[in-house]
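> I need the structure of the sequence given here:
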Amino acid sequence: MATAALILEDGTRFEGISFGAKEEVTGWVAPHTSMVGYQEIITDPSNESMILCMTYPLVGNYGVNREHGESYQGRLKGLVVRDLCAFPVHWSSEGSLHHFMQEEGVPGLRGVDTRALSRYLFQNGAQKGIITSSQAPWEKLYQKITGDSGQVEVRGVVDKETRWENDGPRLAVIDLGIRLSFIKKLHRRGFYLGIFPPSFTAADVKNFFPSGVVVAGGGGNPEKTAAWSGKELKQLMGDYPILGVSGGLQVLYVLTGGRLACLKTGHRGDNYPVKELISGKIYITSQNHWYQLTEPGHDSGWKVSYRNLHDKTVEGLDYGYYGLTGVQFWPQGLVKESSFKPQQVENFIQSTEGGV
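Down below sits the predicted model:
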């Protein structure tokens, strides 16, 4: 067993045992509150710059299955856990988490007091860190930690225009680091999908002749994403109903004059209660974002449609003039598709003439 440690930018150290890939990595360290879904977390494009600490103590007990990945390659920088299950039991398991992370090049650290680490991060905020087995002086490790900007370029699930054919209406999906499970949900609803990479052009989308557009996903800084994709997105506004999901909504908000702010540790997990303001319904949602939407001004054109019940932050917005709508959480959540139908998302799907 190889000992290693997670060392934070302020010098705080958490000891553990190395597993997965034998690599030294730096990145932003934050807690993740999901009880399950570790494979999806590792392969979520939004986690490309992150070292995540799982707050649930037992990880790896049901193994991994290639069908459950959220992208075609591992994206997480590193994973920190309390107890790692070495012998998973599940009918669909194709192997252990340890071997999966070895194959994907993602290092892990087990045997860590993740409760103490999570409490420290919640109290002090996310910060940069390093997973290392090196005994180098602190000055050298500090240079490595601070030398990593922590910023990543948006990398989509697809690198060229891809079609998922179906009998329903055409839906253009602009992939800013979207989850594969969300694409599968849309396809199962009957939509004919045209999936466009981050390097898309408005002409590409228009030549697909969609009934509506989805802008979804997003690692890195949404303001930088808006800076290089904004010209193309603006050419679509007003011509199609547009749904922004997670980082996609943040980009749309920035393009229309909205401002973003960083959360202390981010919203990362599957148990965030969100209230739909019109109906009063409350949904338990899946979220994975660091930036938050600031309150829209009275003359901005945006109206708040969903709000987080933990910290009262904005979770959904509508901009009727441009036909824009969006949510900060992933609509598929953790509940059955038939029972999770936020009216805002449902209205968008209805507007594309596909219904549900």
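> Sketch out the low-pLDDT regions of the chain for me.
Flagging of the chain using pLDDT under 70 yields the residue ranges 149-153, 331-356.
> Domains in it, by residue range?
3-147, 162-351 (automatic domain parsing).
> Now render those as a markdown table, adding mean neighbour count and distance to Val154.
Quick note: C-beta positions are derived from backbone N, CA and C, even for glycine. Formatted as a markdown table, the domains of the chain follow (neighbours: other C-beta atoms under 10 Å; distance: least, C-beta to C-beta, whole Å):
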| stretch | mean neighbour count | distance to Val154 |
| --- | --- | --- |
| domain 3-147 | 19 | 8 |
| domain 162-351 | 19 | 5 |
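> I'd like the distance between Glu48 and Glu70.
In this view, Glu48 and Glu70 are 12 Å apart by C-beta to C-beta, to the nearest Å.
> Could you list the residues in contact with stretch 244-253?
The contact list for stretch 244-253, computed with C-beta atoms under 8 Å, 6 or more residues apart in numbering, reads 46, 174, 176-178, 182, 214-219, 222, 225-226, 229-230, 233, 242, 260, 287-289, 291, 293, 302, 316-317, 319, 324-331.
> Which ones among those lie within strands?
Those of those mapping onto strands are 174, 214-216, 242, 260, 287-289, 291, 293, 316-317, 319, 324-327, per DSSP state E.
> Which residue ranges of the stretch 1-150 of the chain form helices?
38-43, 97-104, 114-124, 138-147 (DSSP state H, counting those that start in this stretch).
> ditto for the stretch 151-300 of the chain
180-188, 202-207, 222-234, 247-255.
> how about TSV for the helices of the stretch 1-150 of the chain, with distance to Pro57 added?
Formatted as TSV, these follow (distance: least, C-beta to C-beta, whole Å):
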stretch	distance to Pro57
helix 38-43	12
helix 97-104	14
helix 114-124	7
helix 138-147	26
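> Quick check: bridge partners of Gln287?
Counting by DSSP bridges, Gln287 is bridged to Gly269.
> residue contacts, it?
Counted by C-beta under 8 Å, 6+ apart, Gln287 has contacts 246, 267-270, 272, 328-330.
> Recalculate using a threshold of 10 Å.
33, 46, 246, 266-272, 274, 308, 315, 327-330, 333 (C-beta atoms under 10 Å, 6 or more residues apart in numbering).
> same check, this time on Trp164
171, 173, 183-184, 186-187, 191-195.
> can you tell me which two in the residues you listed are farthest apart?
Lys184 and Gly194 (15.3 Å; C-beta to C-beta).
> Just the closest of the contacts of Trp164 to Asn124, please.
Distances from Asn124 to the contacts of Trp164, taken by C-beta to C-beta, are shortest for Ile183, at 36.4 Å.
> contacting residues around that closest one?
Ile183 touches 70, 157-158, 162, 164, 173, 175, 191, 193, 195, 214, 216-217, counting by C-beta under 10 Å, 6+ apart.
> and the gap between it and Ala86?
Distance from Ile183 to Ala86, by C-beta to C-beta: 33 Å.
> just to revisit the earlier point, make TSV out of the helices of the stretch 151-300 of the chain and add distance to Trp91.
Shown next, in TSV, are the helices of the stretch 151-300 of the chain (distance: least, C-beta to C-beta, whole Å):
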stretch	distance to Trp91
helix 180-188	20
helix 202-207	41
helix 222-234	40
helix 247-255	35
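> Quick one: closest of those helices to Gln135.
Per C-beta to C-beta, nearest to Gln135 of those: helix 222-234, 36.6 Å.
> for that closest one, packing partners?
On a contact count with 3 or more C-beta pairs under 10 Å, 6 or more residues apart in numbering; DSSP states H and E, helix 222-234 meets strand 170-175, helix 202-207, strand 212-216, helix 247-255, strand 260-276, strand 282-293.
> Off-centre distance for it?
The chain centroid and the centroid of helix 222-234 are separated by 18 Å, computed with C-alpha atoms, centre = their mean, to the nearest Å.
> Identify the contacts common to Glu48 and Glu70.
Gly177.
> Excluding chain neighbours, what is closest to Thr201?
Spatial nearest neighbour of Thr201, chain neighbours left out: Glu232 (5.5 Å); criterion: C-beta to C-beta, 6 or more residues apart in numbering.
> same deal with Gly238?
Using C-beta to C-beta, 6+ apart, the closest residue to Gly238 is Tyr322 (5.4 Å).
> how close does that neighbour get to Ser118?
40 Å.
> Same check on Gln127?
Taking C-beta to C-beta, one finds Gln127 at 13 Å from Ser118.
> got it, and Ser18?
Distance from Ser18 to Ser118, by C-beta to C-beta: 20 Å.
> can you check Gly218 too?
Where Ser118 is concerned, Gly218 sits at a distance of 24 Å (C-beta to C-beta).
> try Ala86
23 Å.
> Now for Cys53: which residues touch it?
6, 14, 29-33, 78-82, 109, 112, 114-115, 117-118, 120-121, 126, 129, 268.
> same thing with Val81?
For Val81, counting by C-beta under 10 Å, 6+ apart, the contacting residues are 16, 19, 38, 52-60, 97, 108-112, 114.
> repeat that for 6 Å
54, 59, 110 (C-beta atoms under 6 Å, 6 or more residues apart in numbering).
> Of these, which is the nearest to Val205?
For the contacts of Val81, the nearest to Val205 is Met54 (37.6 Å; C-beta to C-beta).
> Which residue comes closest to Lys303 once chain neighbours are left out?
Asp318 (4.9 Å).
> contacting residues for that neighbour?
Here Asp318 is in contact with 303, 305, 325 (C-beta under 6 Å, 6+ apart).
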